[in-house]
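K.L.:
From the sequence below, what's the structure:
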Amino acid sequence: MTKWEIDPKHSEIHFRAKHMLISTVTGLFTKFEGTVDTLEPNDFVQASIHLSIDVDSVYTNESYRDEHLKSSAFFDVDKHPYITFRSTELSKDDDNASTFVLRGMLDIKDMVKEVQFHVSFGGTAEENGRLKAGFQVSGIINRKHFGLTYNPLMEAGGMVVSEEIELAANIELIKIS
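P.N.:
Purely as a prediction, here's the structure:
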């Protein structure tokens, strides 16, 4: 068994949502940690992945919006300080040898739902005697499935925030054993 850790200095977790259905707002989480267990050092098929995101670290470049996202109207960070993900399957995509399909259980506000992400493997490299691996992860979730239901209607009708949220992560792993 080979164990990897996410390198937070070389990794990012972003989200994008439509605002008023006319523009896109991007945000990120600045604090997170995770591990990946593989059967072989360079083979990530059937890897076991665990991720924990500190919701209080949400950042959208607008302090009022950040505080609103942390409030009970959205994430309710006082009651639900973490978003977690646990993989159930990581399998090769039939179309490309360096892409995977990642399935797992996403927990936001104690609402656990199965989700699926597209993963692109960037390869491995050695730095200062430590093996590293790089990935790009992307997918879409429906925020209402996780209790993120805040959404006043605009005067002319329509939603202020889209239900679909795009997730994107650039992840660098460091082999630790």
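
K.L.:
hey, which strand is longest across the chain?
P.N.:
strand 111-127 (DSSP state E).

K.L.:
what residues does that strand touch?
P.N.:
Residues from elsewhere that reach strand 111-127 (Cβ atoms under 8 Å, 6 or more residues apart in numbering): 42, 44, 85, 88, 90, 93, 98-106, 131-139, 141, 145-147, 167. (Each C-beta comes from the backbone N, C-alpha and C, glycine too.)

K.L.:
ok, now stretch 98-109?
P.N.:
44-45, 49, 75-76, 79-80, 83-93, 112-123, 137, 141, 146-148.

K.L.:
residues of that stretch that come out buried?
P.N.:
By neighbour count on 16 or more other Cβ atoms under 10 Å, the buried set for stretch 98-109 is 100, 102, 104, 106-109.

K.L.:
What is the neighbour count of residue 117?
P.N.:
For residue 117, the count of nearby residues is 21 (other Cβ atoms under 10 Å).

K.L.:
So in terms of bridging, what pairs with the nearest residue to it once chain neighbours are set aside?
P.N.:
Counting by Cβ to Cβ, 6 or more residues apart in numbering, residue 117 lies nearest to residue 139, which is 3.8 Å off, once chain neighbours are set aside. Here residue 139 shows beta-bridge partners residue 167, assigned using DSSP bridges.

K.L.:
so residue 139 touches residue 164, yeah?
P.N.:
No. Using Cβ atoms under 8 Å, residue 139 is not in contact with residue 164; the gap is 10.5 Å.

K.L.:
Neighbour count for those two, which is higher?
P.N.:
residue 139 (17 against 12).

K.L.:
List the contacts of the more buried one.
P.N.:
115-118, 166-167.

K.L.:
any idea how far residue 41 is from the residue nearest to residue 117?
P.N.:
26 Å (Cβ to Cβ, to the nearest Å).

K.L.:
now do residue 83
P.N.:
29 Å.

K.L.:
More neighbours: those two, which one.
P.N.:
Taking other Cβ under 10 Å, residue 83 and residue 41 do not tie; residue 83 has more neighbours (20 against 12).

K.L.:
where do the strands sit along the protein?
P.N.:
2-6, 12-19, 23-29, 32-38, 48-54, 58-59, 82-92, 99-108, 111-127, 130-142, 164-175.

K.L.:
Send me the first one as PDB with only the CA atoms.
P.N.:
Below are the C-alpha coordinates for strand 2-6, written out as PDB (Å, rounded to 0.1, in the frame of the first residue of the first chain):
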ATOM      1  CA  THR A   2       1.300   3.400  -1.000                       C
ATOM      2  CA  LYS A   3       0.100   6.500   0.900                       C
ATOM      3  CA  TRP A   4      -0.100  10.000  -0.500                       C
ATOM      4  CA  GLU A   5      -1.000  13.400   1.000                       C
ATOM      5  CA  ILE A   6      -2.400  16.500  -0.800                       C
END
